[in-house]
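Asks: Here is my input; please provide its structure:
(one chain, ligands or ions: 1)
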Amino acid sequence: MNKFYLTSPIYYVNANPHIGHAYTNVICDCMARFQRMKGKEVFFLTGTDEHGEKIQKAAKSQGVETKDFIDSKVDTFKKLWQSLNLSYDFFIRTSWQDHKETVKKVIEKLYQKGDIYKSKYSAFYCLGCETFWTKSQLIESGKCPECQRDCEKISEENYFFRLSKYEDWFKKYISDNPEFIRPAIRYNEVRGFLENQSLTDLCISRPKKRVTWGIDFPLDDNYVVYVWFDALINYISGLGYGLGKKEFDFFWPADIHFIGKDILRHHAIFWPIMLKALDLEIPGCIFAHGWWKIEEEKMSKSKGNIVNPFDLIARVSGLLGDSKDMATDAFRYFLMREIPVGLDGNFSLQALVDRINSDLANDLGNLVYRSLNMCQKYVQGKVKSISGQIPVEFQQKFGNLEKNYDQFILKGDFYRALDLLFEFIGVINKYIEDSQPWNLHKAGKENQLADFLYNICEGIRVVSVYLYPIMPKTASSVWDQLGLGKPSFLLSDACWGKQNSFLIKKEKPLFPRIDVN
Ligand code: MSP
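Replies: Numbers count the residues shown, from 1 in each chain. Below you'll find the predicted structure:
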């Protein structure tokens, strides 16, 4: 089908966004842009998760009305997405009336099916994760197995969703569909979890005497909906499920839900079972990426090591001669290039600067700058194809790129896709050294020189197409310098020989070398 529906998690608004949040959404944006390049009709959904005790407590601690507190955080998230040049199609807020309506319909439907019941319950509650645990699941006598914080014992009556009813179906589904959870390490994690324990029913309500900041539970005025149950439903309410919207029929099921590895259980277990119970199709893939750390430590307020993406972009922009566009693209590139798919990585400004200097200034920037300079110098910027043949020196790496770039990106493996692209850039740079165009010029070998200039321009054009999903502003600037007019950026543009001539505009280097000290 010619559609692609992808989602980011919806972000808690109890604190400001940091580079970890930026990471998930940049991955989503690169995928969205890539799918549009393939000619797909794309729907990219992001948004904010606005309910639950944590948020209520955060607002209270600042002495602000909960709603005002949330609205200002939502603005901050939106500003960040704008500054990272994200091309999302809809921003969902769980406080949105249509979302609440959908949550209500979902609960009513599941109740009518007999999949929701009320029961007395006693368990250990983690406020950080807003999750109940049984005694045997706790670690170090009393701590949450996910965030290692202390849990509180709570006994209360609540509503439950019958996860256990679907256990057999789910186990079979998982073993028949290894691609459902990616990368493989996360798939194995879920399988391991299922082998070691049976599924217990999910508590989906919270009594109002304890938590008031939530969606009213449709079956009982004394309760609100558990924040995670409400939150997961955003993936269908964002398309108008239950409200007769045509977007839902067209785009559902999701092709990919991008998440961080910490919220795997909710997405890879609860969510498909909720969908099965609703008789809806199961998404194509849950993709769980790794975490950004600072010197091997988790980012946290108490350690004071949180990297604020606004400050970071402002700093890098200053280093790059006040270019916010370049800084944004460099940061996007760094996030996609620095850590192999699924693994954790360490963030530091020095690592970002090193990437800018080695890949963006030396390899890419230099290639574009000196190539276009030569075009100006030798043929006054007018470059034309003579033989139309791809040079033999390019064939292997270009072939690799054509064959595998697409496959890597579809698997969320931006790291290896960019590796291929930069290998090709390396080959063009080497071709320039080896061809010694200055000697061709001196010796009056006009045709050979013309062929050479065309090859490097066509190589750069192809590079800019592949670069587009990751660095859209840079790709457009290269496109413009090659005199190609309004960028279209379709993957089919990446074939050799698509462009016959170029009219080069000389510009300043794309990325200067920078120094933090
Ligand atoms: N609200 C839930 C998600 C509900 S989705 C139906 C939530 N929100 S969150 O704001 O805490 O986290 C959102 C995303 O940011 C998660 O995917 C999480 O993995 C990611 N990250 C948070 N810190 C991170 C890093 N340090 N590094 C990479 N990503 C991290 O969970």
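Asks: Next up, phi/psi of the closest residue to the ligand within the stretch 151-300 of the chain, please.
Replies: Across the stretch 151-300 of the chain, no residue is closer to the ligand than residue 260, which sits at 1.6 Å (C-beta to the nearest ligand atom). Every residue, glycine included, has its C-beta placed from N, CA and C. The phi/psi pair for residue 260 (degrees, to the nearest 10) reads phi -90, psi 160.
Asks: how near is it to residue 290?
Replies: Here the criterion is C-beta to C-beta, to the nearest Å. By it, residue 260 lies 8 Å from residue 290.
Asks: circling back to that earlier point, just list whatever residues bridge to the residue of the stretch 151-300 of the chain closest to the ligand.
Replies: With DSSP bridges as the criterion, residue 260 is bridged to residue 289.
Asks: does it really touch residue 292, like I thought?
Replies: No: contact criterion C-beta atoms under 8 Å: residue 260 and residue 292 do not qualify, at 9.5 Å.
Asks: So which bits of the stretch 1-150 of the chain are right by the ligand?
Replies: 9, 10, 11, 12, 20, 21, 23, 24, 49 (C-beta under 6 Å from any ligand atom).
Asks: Number of residues surrounding the last one?
Replies: Applying the criterion other C-beta atoms under 10 Å, we find 23 residues in the vicinity of residue 49.
Asks: What are the neighbouring residues in contact with it?
Replies: 9, 10, 11, 12, 13, 94, 227, 231, 234 (C-beta atoms under 8 Å, 6 or more residues apart in numbering).
Asks: Show me the shaky parts of the stretch 301-450 of the chain.
Replies: Within the stretch 301-450 of the chain, not a single segment meets pLDDT under 70.
Asks: What segments of it are helices?
Replies: For the stretch 301-450 of the chain, helices defined by DSSP state H, counting those that start in this stretch occupy the ranges 309-319, 324-338, 349-355, 366-379, 392-410, 414-435, 437-442, 446-467.
Asks: Which of those helices sits closest to residue 274?
Replies: Closest to residue 274 of the helices of the stretch 301-450 of the chain, according to C-beta to C-beta: helix 392-410, at 26.2 Å.
Asks: quick one: the closest one to helix 414-435, angle?
Replies: Following axes from the mean of the first three to the mean of the last three C-alpha atoms, to 10 degrees, one obtains 170 degrees for the angle between helix 392-410 and helix 414-435.
Asks: how close does residue 323 get to residue 356?
Replies: From residue 323 to residue 356 the distance is 12 Å (C-beta to C-beta).
Asks: repeat for residue 437
Replies: 27 Å.
Asks: Please say which of those two ends up with more neighbours.
Replies: Using other C-beta under 10 Å as the criterion, residue 437 and residue 356 rank with residue 356 on top: 25 against 21.
Asks: Skipping its backbone neighbours, what lies nearest that one in space?
Replies: The shortest distance from residue 356 to any non-neighbouring residue, by C-beta to C-beta, 6 or more residues apart in numbering, is to residue 330 (5.1 Å).
Asks: Over to residue 9?
Replies: Nearest to residue 9 is residue 259, by C-beta to C-beta, 6+ apart, at 5.1 Å.
Asks: and the one you found, what does it touch?
Replies: Going by C-beta under 8 Å, 6+ apart, the list of residues near residue 259 reads 9, 24, 267, 286, 287, 288, 289.
Asks: Run a quick neighbour tally on the first one.
Replies: By other C-beta under 10 Å, 24 other residues sit near residue 9.
Asks: mind checking how far it is from residue 276?
Replies: Here the criterion is C-beta to C-beta. By it, residue 9 lies 21 Å from residue 276.
Asks: residue contacts, residue 346?
Replies: Residue 346 neighbours (C-beta under 8 Å, 6+ apart): 292, 293, 294, 295, 296.
Asks: In ChimeraX, select just the buried ones from these.
Replies: Buried residues among the contacts of residue 346 (16 or more other C-beta atoms under 10 Å), as a ChimeraX selection:
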select :292,294
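Asks: the helices in the stretch 151-300 of the chain, which residues?
Replies: Under the criterion DSSP H, counting those that start in this stretch, the stretch 151-300 of the chain carries helices at the ranges 167-176, 184-196, 227-232, 234-237, 246-251, 264-265, 271-277.
Asks: Throw the ones you listed into JSON lines and include distance to residue 516, mean neighbour count and mean pLDDT, thanks.
Replies: Listed next are the helices of the stretch 151-300 of the chain as JSON lines, based on distance: least, C-beta to C-beta, whole Å; neighbours: other C-beta atoms under 10 Å; pLDDT from 0 to 100:
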{"stretch": "helix 167-176", "distance to residue 516": "46", "mean neighbour count": "14", "mean pLDDT": "97"}
{"stretch": "helix 184-196", "distance to residue 516": "34", "mean neighbour count": "14", "mean pLDDT": "94"}
{"stretch": "helix 227-232", "distance to residue 516": "39", "mean neighbour count": "24", "mean pLDDT": "96"}
{"stretch": "helix 234-237", "distance to residue 516": "39", "mean neighbour count": "24", "mean pLDDT": "98"}
{"stretch": "helix 246-251", "distance to residue 516": "44", "mean neighbour count": "16", "mean pLDDT": "96"}
{"stretch": "helix 264-265", "distance to residue 516": "35", "mean neighbour count": "16", "mean pLDDT": "96"}
{"stretch": "helix 271-277", "distance to residue 516": "42", "mean neighbour count": "20", "mean pLDDT": "98"}
